[in-house]
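Asks: Using only what follows, build the 3D model:
(one chain, ligands or ions: 2)
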Amino acid sequence: MREHKIVVLGTMGCGKSTLVRAIATGAVVDTDVLNSDREGADKASTTVAMDYADIDLPNGDRLRLYGTPGQQRFDFLWPILLQGASGVVLLLDATRAAAVAELEAYLTVLKQHAALVPAVVGITRLDLAPQFDLEACSTLAGWDARVLPVMPVDARDREQGLWLMDVLMSEMEAGELVMAHG
Ligand SMILES: Nc1nc2c(ncn2[C@@H]2O[C@H](COP(=O)(O)OP(=O)(O)OP(=O)(O)O)[C@@H](O)[C@H]2O)c(=O)[nH]1
Ligand SMILES: [Mg+2]
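Replies: Numbering: from 1, shown residues only. Ligands and ions are numbered 1, 2, ... in the order given. Sure thing, here's the model as predicted:
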């Protein structure tokens, strides 16, 4: 059986914890507490260490999914959680005015700490922001010669979450082929 460490990144309230819970098949651990950062996102709870869940795939592989805390004051944790990651899910909240700038900021983090790790970008909460510029995100999503897949995802929807993981797994397999055959 193969295990893959997958790290979920994104700003506060973009749906990291929701996604992890929606697609987990095994144990789920969360460290959500009452949210005192209502400026970051107006919701009841927020993650202060990480989310963790197992996902057993039909092919027998296991994903170990780590959701990071989105609050800026925990940004020191992101590189730590990225260590040894086989894949990254970057979630972007379409309802945030600064979403595109936030995408750029997270891409910088990834380029710095996970430059070669396969990654996908999921745009959440699109139903609440139908005018969101998905094109702009697709154009931006990458660095050097890398282009990251960008796709809409409702983090509450298990099917959509699994589809996002499927795209990530394809990226991981493509990466392995490149490694093996140069
Ligand atoms: N309408 C709508 N709501 C969504 C969608 N995706 C996620 N949500 C909601 O957005 C909120 C996301 O909250 P969390 O999952 O706690 O966000 P988080 O990224 O873990 O936030 P922090 O831990 O604070 O960084 C939840 O209330 C979800 O139900 C979507 O596509 N549409
Ligand atoms: Mg969370």
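
Asks: Could you check how far residue 32 is from ligand 1?
Replies: According to C-beta to the nearest ligand atom, to the nearest Å, residue 32 and ligand 1 sit 7 Å apart. No exception for glycine: its C-beta is placed from N, CA and C like everyone else's.

Asks: go on, residue 95?
Replies: Taking C-beta to the nearest ligand atom, one finds residue 95 at 8 Å from ligand 1.

Asks: Now stretch 107-115: buried residues?
Replies: 107, 109, 110, 113, 114 (16 or more other C-beta atoms under 10 Å).

Asks: Could you tell me which of those residues belong to strands?
Replies: The strands, defined by DSSP state E, take in nothing from the buried residues of stretch 107-115.

Asks: Can you point out the buried residues in the helix or strand hosting residue 79?
Replies: Assigned by DSSP states H and E, residue 79 falls within helix 77-82. By 16+ other C-beta under 10 Å, the buried positions in helix 77-82 come out as 77, 78, 81, 82.

Asks: Output the contacting helices and strands for the top helix by length along the chain.
Replies: Using DSSP state H, we find that the single longest helix of the chain is helix 158-181. Counting by 3 or more C-beta pairs under 8 Å, 6 or more residues apart in numbering; DSSP states H and E, the packing neighbours recorded for helix 158-181 are strand 3-9, helix 16-23, strand 87-93, strand 119-124, strand 150-152.

Asks: go with 7 Å
Replies: helix 16-23, strand 87-93, strand 119-124 (3 or more C-beta pairs under 7 Å, 6 or more residues apart in numbering; DSSP states H and E).

Asks: Give me the contact list for it.
Replies: 4, 6, 19, 22-23, 63, 86-87, 89, 118, 120, 122, 149, 151, 153-155 (C-beta atoms under 7 Å, 6 or more residues apart in numbering).

Asks: any idea how far residue 162 lies from residue 53?
Replies: Residue 162 sits 13 Å away from residue 53, going by C-beta to C-beta, to the nearest Å.

Asks: on that earlier part again, identify, from the buried residues of helix 77-82, the entry nearest to residue 132.
Replies: Set against residue 132, the nearest of the buried residues of helix 77-82 by C-beta to C-beta is residue 78 (24.2 Å).

Asks: Name all residues that make contact with the closest one.
Replies: 9, 68, 109.
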